[in-house]
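Enquirer: A predicted structure for the sequence below; I have some questions about it.
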Amino acid sequence: MKLVIIGGGSAYTPDILQSLLAEAHLFAGWEWVLHDVNGEAAAVVADLGRALIRRAGADIRLTASTDREAALVGARFVLAQPRPGGFPARGLDEKIPLRHDLIGQETVGAGGFSFAWRSIPVAVGIAADMQRLCPEAWLISYTNPAGMVCEAVTRLYPHARFLALCDMPTGLQWEAARLLRVDPHRLHLDYRGINHAGWVQSITLADGTDLLPRVLRWAPLLFFADWLPVGEFSGTLRLIRRTGKLPDPYLRYYYYPDQIVARLRSRRETRADEVMKKVGRLYDHYREQAAAPEPRLRLHRGHASHGDLAAAVIRTMAAGRQARFVVQQRHGGQVGGLPAGRAAQFPALVGPDGWTPLPVAPLPEPEGELIRTIQDEPVAGEAEQLRDLLHHTLAVAMESLLRDDAALLPQTHALAGRVKQ
């Protein structure tokens with residue numbers, strides 16, 4: 001058996017490996033392959049991964065490769081987390097839009113659209129390779145911008161064994177658990193919408209007790225958030241106070257674009273600049289721990305929920321059991337308020353044979369109107385015409401992020417027109 005991680009040299013990978021090793025017996029006799037176009041990064045992470053495997057006493061062979069086709073042959077699971085262009089390209093995605101008073105961010109705004117142009121062809125190429133080399137394998141996608149990638153892959157390969165993930169709903173679950181002082185794995189979070197644009201319906205315990213009202217009860221006490229610059233924490237609190245509902249934190253980019261653009265323009269460094277500095281320290285830490293007798297991960301690329309989510313999905317499927325996760329796939333109408341047949345994000349029961357959607361309430365109004373704006377037009381052309389899909393996604397999503405300023409409309413429509421040409 002083989003598990004392949006594409007983008008295996010990522011600084012996120014060590015936490016994924018460590019979480020997989022929580023049930024190392026599931027992978028006895030397996031090969032784990034870290035594929036990356038950056039062979040040096042893959043080698044560093046592979047050395048650390050082998051040290052973690054030794055510490056766990058696991059019977060797993062871990063290798064690194066720069067040959068994607070060779071890595072995919074015989075795979076049972078493929079976790080895809082490539083970042084085409086790396087952090088330098090992300091830096092441009094964040095800086096260039098700000099010159100035009102537009103949001104520069106890796107998954108929303110003009111920066112997200114630029115990233116989609118790089119990511120979608122890679123994600124589709126992975127899916128195509130898997131149809132030839134490991135057609136029975138499951139493709140678990142952590143590839144950003146996740147919503148647009150999911151839309152593209154599911155339209156081009158509607159019958160592929162494919163599941164897209166995002167750690168934002170899981171991150172909300174973990175933060176709610178911290179606030180409530182409970183184990184995050186005891187909670188079930190029901191989220192409905194699209195990637196980085198949705199609302200939480202409930203946060204329940206196994207006995208059905210909904211704890212979301214207890215979470216929302218804190219919002220009126222945190223009135224100071226209205227005076228802070230719009231960041232992830234303060235923007236989320238503002239939306240809770242405004243709507244009485246728990247949003248995906250990324251919705252702040254849609255509700256407060258003027259304030260966010262001003263804040264981003266005032267910063268000396270972009271998020272990509274900050275991450276590049278952090279990643280250098282992370283790889284030094286990985287080298288140190290790979291050589292340590294008892295390796296321990298003390299520095300982490302992101303929130304603990306990131307590695308936990310991807311690994312938990314793979315462990316669940318490998319073990320032949322079922323568990324509840326928030327996933328992304330094409331929906332058949334179960335997400336009320338969104339057009340059927342498009343990519344959506346919703347709770348599902350995931351098991352060895354795939355996923356089964358779980359019922360959720362329709363999107364709340366009027367908040368659902370914004371989310372429909374992003375998906376309110378049919379994709380032009382046939383499924384195989386990926387270029388048309390990209391053009392459509394870019395034009396529609398760009399218009400959905402417009403601020404309420406009529407003077408900006410000609411500028412944005414002209415830009416969308418140039419893209420289509």
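Expert: Structure's in. What do you need?
Enquirer: buried stuff in stretch 129-144?
Expert: 129, 130, 133, 134, 137, 138, 139, 140, 141, 142, 143, 144 (16 or more other C-beta atoms under 10 Å). Where C-beta positions appear, they are placed from N, C-alpha and C, glycine not excepted.
Enquirer: typed the wrong thing, it's stretch 100-107
Expert: The neighbour-count check on stretch 100-107 (16+ other C-beta under 10 Å) flags 102, 103, 104, 105, 106, 107 as buried.
Enquirer: and if you look at stretch 79-92?
Expert: So stretch 79-92, judged by 16+ other C-beta under 10 Å, has buried residues 79-87, 89-92.
Enquirer: pLDDT of it, averaged?
Expert: Taken as a whole, stretch 79-92 has a mean pLDDT of 95.
Enquirer: what's the end-to-end length of it?
Expert: 26 Å (C-alpha to C-alpha, to the nearest Å).
Enquirer: re the thing from before, can I get the buried residues of stretch 100-107 in JSON lines with secondary structure, distance to residue 124 and pLDDT?
Expert: Formatted as JSON lines, the buried residues of stretch 100-107 follow (DSSP: H, G, I helix; E, B strand; the rest coil; distance: C-beta to C-beta, whole Å; pLDDT from 0 to 100):
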{"residue": "102", "secondary structure": "coil", "distance to residue 124": "26", "pLDDT": "88"}
{"residue": "103", "secondary structure": "coil", "distance to residue 124": "26", "pLDDT": "88"}
{"residue": "104", "secondary structure": "strand", "distance to residue 124": "25", "pLDDT": "86"}
{"residue": "105", "secondary structure": "coil", "distance to residue 124": "23", "pLDDT": "89"}
{"residue": "106", "secondary structure": "coil", "distance to residue 124": "19", "pLDDT": "88"}
{"residue": "107", "secondary structure": "coil", "distance to residue 124": "18", "pLDDT": "89"}
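Enquirer: now those in TSV, with distance to residue 154?
Expert: Formatted as TSV, those follow (distance: C-beta to C-beta, whole Å):
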residue	distance to residue 154
102	28
103	26
104	27
105	24
106	21
107	18
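Enquirer: so which of these is the closest to residue 33?
Expert: Using C-beta to C-beta, residue 106 comes nearest to residue 33 of the buried residues of stretch 100-107, at 26.2 Å.
Enquirer: dump the residue contacts of the closest one.
Expert: Counting by C-beta atoms under 8 Å, 6 or more residues apart in numbering, residue 106 makes contact with 90, 93, 94, 112, 115, 144, 145, 271, 272.
Enquirer: re earlier: could you single out the nearest of the buried residues of stretch 129-144 to residue 30?
Expert: For these, the nearest to residue 30 is residue 137 (13.0 Å; C-beta to C-beta).
Enquirer: the closest one - nearest residue in space that isn't next to it in sequence?
Expert: residue 75 (4.5 Å; C-beta to C-beta, 6 or more residues apart in numbering).
Enquirer: contact partners for residue 5?
Expert: 13, 16, 32, 33, 34, 35, 78, 79, 81.
Enquirer: hmm, residue 9 and the last one touching each other?
Expert: No. Counting by C-beta atoms under 8 Å, residue 9 is not a contact partner of residue 81; they are 10.0 Å apart.
Enquirer: all helices of the stretch 1-150 of the chain, in order?
Expert: 13-20, 39-56, 68-72, 86-98, 109-133, 146-156 (DSSP state H, counting those that start in this stretch).
Enquirer: adding distance to residue 2, write the ones you listed out as a markdown table.
Expert: Listed next are the helices of the stretch 1-150 of the chain as a markdown table, based on distance: least, C-beta to C-beta, whole Å:
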| stretch | distance to residue 2 |
| --- | --- |
| helix 13-20 | 13 |
| helix 39-56 | 14 |
| helix 68-72 | 8 |
| helix 86-98 | 26 |
| helix 109-133 | 11 |
| helix 146-156 | 21 |
